[in-house]
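# predicted model follows, preceded by the sequence.
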Amino acid sequence: MQLTVWTYEGPPHIGAMRVASAMEGMHYVLHAPQGDTYADLLFTMIERRDTRPPVTYTTFQARDLGGDTAELFKNAARDAYERFRPEAMIVGSSCTAELIQDDPGGLARALNLPIPVIPLELPAYQRKENWGAAETFYRIARGLCDAQPGAARERRPGPPTCNILGPTSLGFRHRDDLIEVRRLLDQLGVVVNVVAPLGARPSDIARLPEADFNVVLYPEVAGVAAAWLKRTFKQPHTTVTPIGVGATNAFIREVSALAGLDASVAGAAGGSRLPWYSRSVDSTYLTGKRVYVFGDATHAIAAADVVSKELGMKVVGLGTYSREFAREVREAAARHGVEPFIGDDYLDVEQAIAASAPELVLGTQMERHIAKRLRVPCAVISAPVHVQDFPARYSPQMGFEGANVLFDTFVHPLMMGLEEHLIGMFRDDFEFRDGAAPSHLGGGAPASAPEPVAVETPAAPAHAAWSLDAEKELRKIPFFVRAKARRNTETFARERGLVRIDLETLYDAKAHFGR
């Protein structure tokens, strides 16, 4: 166990909460101490839900540990059923309650409630949030699907049908991705049988085997359940995630093959403006830009493919915190010719990003902070995220409209960075310097230019100080390579025992590293 100020995933019971909160008519009874109720805030404050998650906590306290905590759980489960009257219930323990080794599943069965009760065994000290969501969805599907396992499925007359699997509460753009994917399926003539977990009732889960195939949007959540449905009910499922124009077209072809339809109905670019920009003159500004990508496996792999294949940038690093999908990320990293990073220590992630010297970082909320410290543009492309990445507007990642959103998300930080660089270059110009009045207002003498101030460099050795002229010249270097130029110059000075970095040192270092 490691003490940290940041984690990319919560414990597995948070994943179970995401599934339960996404569904209708499902209730989660969680054996947990009073402090574990913090999880409600993830949904009400960050996701901005208008209702509390359908979760009942036993909220035992320290003084209860000397008594009968099992009876506390049974009372909580019984009261939850009487108060909420759910169609089904899942029961489990939080990471703290796991230590007292009560058996929520057995205790709930002893109550003989008149609804399905699905026990969850989520090892909090070995697994994390996404695994917990996947395991919960799998257990719910297995517990509620009422068709005969292994029965031969007959193709029904009429249009082909599918289930959409994977969207949950607290998922990155899941709500909008679902709208976009349903639109694609509608254009192809595929009827959606069930969407789950998001918006599904337990009675809907029982109808999953009725569909011809499954569309898996997020393998981190739905991959295990989809594999079980394939083994048990002979339902094939999609393997392509429709993020980016190329992947969306591949998704259309895959769905068409599964459904026996003509893929040309909804092909090409589908109205996306990304392909046009990639062919335009302006796009040459993006060509070869160095990009580091980190996030959950689905979004990280997709983002790397989009920036490389559709925007002409260069992937210099690819990583994930999803250890269950390490193989897929390693294969993707090999395609891009980079070394994969598999891990969930944000300090190690920061070191990997700094070492790759990117000009753009695509990552999670933490990579936004890391990039800010490194003075590199950043865009968020994966959970975990904060409230600003649960926008009220329509902002999908998937489909052709999602490709437009990706284009804006990836390109705008670089464009704004270019503007910032130009402002920095002309900072000392009488019309553009800090403190100058807007030129279009006219009148009045310009304020006197402030004297340049030397900025102390924390990374510099104590005996190598930067002169004012050298600092001023350094600020003219584009922001996205400025940190690297500073490091190279300080290394050059340290190796030669120089105690002062002046203009000559800066130019000598530039010539040395430019060979």
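Ah, there it is.
# would you map the strands across the stretch 251-400 of the chain?
Taking DSSP state E, counting those that start in this stretch, the strands of the stretch 251-400 of the chain run over residues 290-295, 314-320, 340-342, 360-363, 378-380.
# residues contacting the third one, please?
It stands for strand 340-342. Strand 340-342 is contacted by residues 294, 317-320, 323, 326, 329-330, 332-334, 348-349, 352 when judged by C-beta atoms under 8 Å, 6 or more residues apart in numbering. For glycine as for every other residue, the C-beta is placed from the backbone atoms N, C-alpha and C.
# run through the residues that contact the closest residue to residue 301 other than its chain neighbours.
In space, and not counting its chain neighbours, residue 301 is closest to residue 332: 4.5 Å by C-beta to C-beta, 6 or more residues apart in numbering. Counting by C-beta under 8 Å, 6+ apart, residue 332 makes contact with 300, 301, 304, 305, 318, 340.
# save those as CSV, and put in neighbour count and distance to residue 115 too.
Written out in CSV, the entries for the contacts of residue 332 read as follows (neighbours: other C-beta atoms under 10 Å; distance: C-beta to C-beta, whole Å):
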residue, neighbour count, distance to residue 115
300, 29, 39
301, 25, 39
304, 28, 44
305, 20, 44
318, 28, 45
340, 20, 45
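# just the buried residues of the contacts of strand 340-342.
Buried members of those, scored by 16 or more other C-beta atoms under 10 Å, are 294, 317, 318, 319, 320, 323, 329, 332, 333, 349, 352.
# might one say that the first one is in contact with residue 349?
Yes: here residue 294 reaches residue 349: they are 6.0 Å apart, a contact under C-beta atoms under 8 Å.
# name the residues contacting each of the two.
Counting by C-beta under 8 Å, 6+ apart, the residues touching both residue 294 and residue 349 are 319, 341, 363, 367.
# just the buried ones from those?
319, 341, 363, 367.
# excluding chain neighbours, what is closest to the spatially most central residue of the chain?
Most central residue of the chain, judged by C-alpha distance to the mean C-alpha position with C-alpha atoms, centre = their mean, is residue 382 at 1.5 Å. Distance criterion C-beta to C-beta, 6+ apart; nearest residue to residue 382, sequence neighbours excluded, is residue 295 at 2.7 Å.
# and the nearest residue to residue 218 once chain neighbours are set aside, its phi and psi?
Closest residue to residue 218 apart from its sequence neighbours, by C-beta to C-beta, 6+ apart: residue 166 at 3.6 Å. Dihedral pair for residue 166: phi 130, psi -40, per degrees, to the nearest 10.
# helix or strand next in line after whatever helix or strand residue 118 lives in, which one?
Using DSSP states H and E, residue 118 sits in strand 117-119. Downstream of strand 117-119, the next assigned helix or strand under DSSP H and E is helix 129-144.
# what helices and strands are in contact with the following helix or strand past that following helix?
Next helix or strand after helix 129-144 toward the C-terminus (DSSP H and E): strand 161-165. Applying 3 or more C-beta pairs under 8 Å, 6 or more residues apart in numbering; DSSP states H and E, we find strand 161-165 packed against helix 174-188, strand 191-196, strand 213-216, helix 219-233, helix 245-259.
# and these as CSV, adding mean neighbour count, mean pLDDT and distance to residue 500?
Formatted as CSV, those follow (neighbours: other C-beta atoms under 10 Å; pLDDT from 0 to 100; distance: least, C-beta to C-beta, whole Å):
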stretch, mean neighbour count, mean pLDDT, distance to residue 500
helix 174-188, 19, 95, 55
strand 191-196, 20, 97, 66
strand 213-216, 25, 98, 60
helix 219-233, 22, 97, 53
helix 245-259, 21, 95, 52
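# in TSV, list these along with distance to residue 77.
Compiled in TSV, the helices and strands packed on strand 161-165 are given as follows (distance: least, C-beta to C-beta, whole Å):
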stretch	distance to residue 77
helix 174-188	29
strand 191-196	24
strand 213-216	32
helix 219-233	25
helix 245-259	41
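# tell me which of these approaches residue 468 most closely.
Nearest to residue 468 among the helices and strands packed on strand 161-165 is helix 245-259 (49.3 Å), distances taken as C-beta to C-beta.
# quick check: angle from that closest one to helix 174-188?
Interaxial angle, helix 245-259 versus helix 174-188 (axes from the mean of the first three to the mean of the last three C-alpha atoms, to 10 degrees): 60 degrees.
# orientation of helix 245-259 relative to strand 161-165 in degrees?
Using the same axes, to 10 degrees: helix 245-259 against strand 161-165 is 130 degrees.
# contacts for helix 245-259 next, please.
Contact with helix 245-259 is made by 160, 162, 184-185, 188-190, 212-213, 215, 236, 238-242, 261-263, 265-270, 272, 274-275, 302, 305-306, 309-310, 398-400, 402-403, as judged by C-beta under 8 Å, 6+ apart.
# now stretch 6-14
Against stretch 6-14 from outside (C-beta under 8 Å, 6+ apart): 15, 30, 32, 39, 42, 92-95, 120, 122-124, 127-132, 135, 321, 344, 346, 364, 366, 384.
# pLDDT value on the residue nearest to the centre of the chain, please?
For residue 382, the pLDDT comes out at 96.
# quick one: contacts for it?
172, 294, 295, 296, 299, 300, 303, 363, 364.
# now the buried ones among the contacts of strand 340-342 as a markdown table including pLDDT and distance to residue 23?
Shown next, in a markdown table, are the buried ones among the contacts of strand 340-342 (pLDDT from 0 to 100; distance: C-beta to C-beta, whole Å):
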| residue | pLDDT | distance to residue 23 |
| --- | --- | --- |
| 294 | 98 | 30 |
| 317 | 97 | 37 |
| 318 | 98 | 33 |
| 319 | 98 | 32 |
| 320 | 98 | 27 |
| 323 | 95 | 27 |
| 329 | 98 | 29 |
| 332 | 98 | 32 |
| 333 | 98 | 35 |
| 349 | 96 | 33 |
| 352 | 97 | 37 |
